[in-house]
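S.K.: Starting from these lines, generate the structure:
(4 chains)
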Number of protein chains: 4
Amino acid sequence: MRRFEWGYGGFSAKRGGVLVCGGLSGVMEASARGAKLAGGLTIGILPSRNTRDANEYIDIPIATGMDISRNFIIACTCDAFIAIDGAYGTLTEMAYALQLGKKVIGLESWNIDGVIIASSPEEAVDLVFQGI
Amino acid sequence: MRRFEWGYGGFSAKRGGVLVCGGLSGVMEASARGAKLAGGLTIGILPSRNTRDANEYIDIPIATGMDISRNFIIACTCDAFIAIDGAYGTLTEMAYALQLGKKVIGLESWNIDGVIIASSPEEAVDLVFQGI
Amino acid sequence: MRRFEWGYGGFSAKRGGVLVCGGLSGVMEASARGAKLAGGLTIGILPSRNTRDANEYIDIPIATGMDISRNFIIACTCDAFIAIDGAYGTLTEMAYALQLGKKVIGLESWNIDGVIIASSPEEAVDLVFQGI
Amino acid sequence: MRRFEWGYGGFSAKRGGVLVCGGLSGVMEASARGAKLAGGLTIGILPSRNTRDANEYIDIPIATGMDISRNFIIACTCDAFIAIDGAYGTLTEMAYALQLGKKVIGLESWNIDGVIIASSPEEAVDLVFQGI
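M.R.: Model prediction:
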């Protein structure tokens, strides 16, 4: 697990942020682990019907049964979105969040129009909390 | 607000239950208020895009943007379902919860096949926690 | 396959109706077969990601990937709803259709408030087309 | 209405393609108009509850009530995706279609990894039908 992956969950939790993620493995698990280590609260919005599919660092599992269309729910529910991943699922979340007018920060992720690029987890979290 | 409406939120919270509801007004608000008064945690799974549409007793608003098809998410996310309402939306939740094999308790609600009838909020909550 | 199951698809198609159903097996397949035999058009709104999951009588498969929350889409898309089944999934569709103010006809199905009971497929289809 | 916008609907329809789009105005309407002028069939997967929200060139309106999370349904239902638009909603559709392994063609649209760029509607349609 790289520092990038869990870092932003942790730095955000230290400032009172609640982590909302997809609830599964990979970056979703790493960021939730970071948030829990820092004493934060974590929400996992799952693609399956079953709350037991959440990773072990999720406090509040939401089982949608809606496959990856649940990415829209993540975008609706968050106040700001930090992306750290290069896959297509992340891109749908970024695009939905931008369409909804949310602040979107990219950490080694898709560099599309409207995304604010950060170079470290600390900077990403700083950018999220600026002006809130 | 009738005792029936907030009672089961409160009695459940006292036993460590987390309240999951639709997050809006009426029974959803009453049960969330009951849960908060008893020191519980409340989740509101909203039909709209906007977390600000949650009633004031919701701790964790989930904005789905999916209209009343979010009723399926409520059924997937809960461990057991207490119904106290006679409207069609409640009926979709009960039917989904039954289809998913969840325990469904009815308090002055639809008396369909598979529903366990309770006559008070205390009894409804007792029935939920039995055998868990 | 019983007459009840394919009959209403066929009688509706003969009057120009388009069949909207869940696209899978059982009553969904029987009614679509009835509609095709009568020269009608059939739409299947599938729970899975894959249009190939539709039964062979579906002309237009819509793959939602949204599990049984796709029942709401069926209720939104139809002009009137004929139910012929006693399972919980059908009940969610009936309740959604009633909530949306659609005409709901029951053929050996759930007898809930608001449903118009028919005793044959012909009568069910007659009831649908009355006043349209 | 630019040639780009209606052209691919028309060229696809001439080759037997069925147009699946979001069913509303702008490019969705233009492409549906092109498809109808060429004698094709058009499906509109709407964000609202109401089939009447479809533009006048839609033969089969599907009312989802699921807001822009219906973009996933478009990606699931199509065999290939032609994008002609620079907005975020289109980007979610492209990313979903790529995640599902569909062929994605871009006409003056987002140039993201995996997209095949076309320079005319004819070329876009040729690319779609190649190898099918």
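
S.K.: Low-confidence bits of chain A, can you list those?
M.R.: In the predicted model of chain A, residues A:1-5, A:132 satisfy pLDDT under 70.

S.K.: Any residues of it in contact with chain C? List them.
M.R.: A:49, A:65-69 (CB under 8 Å from any CB of the partner chain). (Glycine included, C-beta is placed from N, CA and C.)

S.K.: Go back to the residues you listed and keep what's next to chain B.
M.R.: With CB under 8 Å from any CB as the criterion, the members of those in contact with chain B are A:49, A:65-66.

S.K.: could the residues you listed go into TSV alongside neighbour count, secondary structure and distance to residue A:116?
M.R.: Listed next are these as TSV, based on neighbours: other CB atoms under 10 Å in any protein chain shown; DSSP: H, G, I helix; E, B strand; the rest coil; distance: CB to CB, whole Å:
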residue	neighbour count	secondary structure	distance to residue A:116
A:49	20	coil	35
A:65	24	coil	33
A:66	31	coil	29
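
S.K.: then stretch A:16-24 to CSV, C-alphas only?
M.R.: The C-alpha trace of stretch A:16-24 is given here as CSV (Å, rounded to 0.1, in the frame of the first residue of the first chain):
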residue,chain,number,x,y,z
GLY,A,16,-12.9,16.0,10.6
GLY,A,17,-13.6,14.7,7.1
VAL,A,18,-15.8,11.7,6.6
LEU,A,19,-14.5,9.3,3.9
VAL,A,20,-17.0,8.2,1.3
CYS,A,21,-15.7,5.5,-1.1
GLY,A,22,-16.8,2.5,-3.1
GLY,A,23,-16.2,0.2,-0.1
LEU,A,24,-14.2,-2.6,-1.9
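
S.K.: is chain D contacted by it?
M.R.: No: Stretch A:16-24 lies out of reach of chain D by CB under 8 Å from any CB, never closer than 13.1 Å.

S.K.: Check which residues of that stretch are buried.
M.R.: A:17-24 (16 or more other CB atoms under 10 Å in any protein chain shown).

S.K.: re the thing from before, which one among the residues of chain A next to chain C gets closest to residue A:43?
M.R.: Using CB to CB, residue A:66 comes nearest to residue A:43 of these, at 15.7 Å.

S.K.: can you give me the strands for chain A?
M.R.: With DSSP state E, the ranges of strands along chain A come out as A:19-21, A:42-46, A:60-63, A:80-83, A:103-106, A:116-117.

S.K.: wait, which of the ones you listed is closest to residue D:9?
M.R.: Residue D:9 lies closest to strand A:103-106 among the strands of chain A, at 31.8 Å (CB to CB).

S.K.: Show me the contact partners of that closest one.
M.R.: Residues outside strand A:103-106 that contact it (CB atoms under 8 Å, 6 or more residues apart in numbering or on different chains): A:79-84, A:94, A:97-98, A:114-118, A:124, A:127-128.

S.K.: Now the buried members of those residues.
M.R.: In the contacts of strand A:103-106, the ones that pass as buried (16+ other CB under 10 Å) are A:80-84, A:94, A:97-98, A:115, A:118, A:124, A:127-128.

S.K.: Please tabulate those residues in JSON lines and include distance to residue A:54 as additional columns.
M.R.: Output for those, formatted as JSON lines (distance: CB to CB, whole Å):
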{"residue": "A:80", "distance to residue A:54": "22"}
{"residue": "A:81", "distance to residue A:54": "20"}
{"residue": "A:82", "distance to residue A:54": "20"}
{"residue": "A:83", "distance to residue A:54": "20"}
{"residue": "A:84", "distance to residue A:54": "19"}
{"residue": "A:94", "distance to residue A:54": "22"}
{"residue": "A:97", "distance to residue A:54": "21"}
{"residue": "A:98", "distance to residue A:54": "27"}
{"residue": "A:115", "distance to residue A:54": "27"}
{"residue": "A:118", "distance to residue A:54": "27"}
{"residue": "A:124", "distance to residue A:54": "24"}
{"residue": "A:127", "distance to residue A:54": "28"}
{"residue": "A:128", "distance to residue A:54": "23"}
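
S.K.: near chain D at all, stretch A:84-99?
M.R.: Yes: if you take CB under 8 Å from any CB as the test, stretch A:84-99 does meet chain D, through A:87-89, A:91-92, A:95-96, A:98-99.

S.K.: Any idea how far that stretch is from the middle of the chain?
M.R.: In terms of CA atoms, centre = their mean, to the nearest Å, the centre of stretch A:84-99 is found 10 Å from the chain centre.

S.K.: and if you look at stretch A:83-97?
M.R.: 10 Å.

S.K.: could you dump it to PDB, C-alpha only?
M.R.: Output in PDB follows, covering the C-alpha atoms of stretch A:83-97 (Å, rounded to 0.1, in the frame of the first residue of the first chain):
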ATOM      1  CA  ALA A  83      -9.200  10.800  -7.300                       C
ATOM      2  CA  ILE A  84      -6.200   8.600  -7.100                       C
ATOM      3  CA  ASP A  85      -6.500   6.000  -9.800                       C
ATOM      4  CA  GLY A  86      -6.300   5.700 -13.500                       C
ATOM      5  CA  ALA A  87      -9.200   3.300 -14.200                       C
ATOM      6  CA  TYR A  88     -12.400   4.000 -16.000                       C
ATOM      7  CA  GLY A  89     -14.600   3.600 -12.900                       C
ATOM      8  CA  THR A  90     -12.700   6.500 -11.200                       C
ATOM      9  CA  LEU A  91     -13.200   8.500 -14.400                       C
ATOM     10  CA  THR A  92     -17.000   8.100 -14.200                       C
ATOM     11  CA  GLU A  93     -16.900   9.400 -10.600                       C
ATOM     12  CA  MET A  94     -14.800  12.400 -11.500                       C
ATOM     13  CA  ALA A  95     -17.000  13.300 -14.500                       C
ATOM     14  CA  TYR A  96     -20.200  12.900 -12.400                       C
ATOM     15  CA  ALA A  97     -18.700  15.000  -9.600                       C
END
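
S.K.: circling back to that earlier point, out of the residues of chain A next to chain C, which one sits closest to chain D?
M.R.: Among the residues of chain A next to chain C, residue A:69 lies closest to chain D (CB to the nearest CB), at 3.8 Å.
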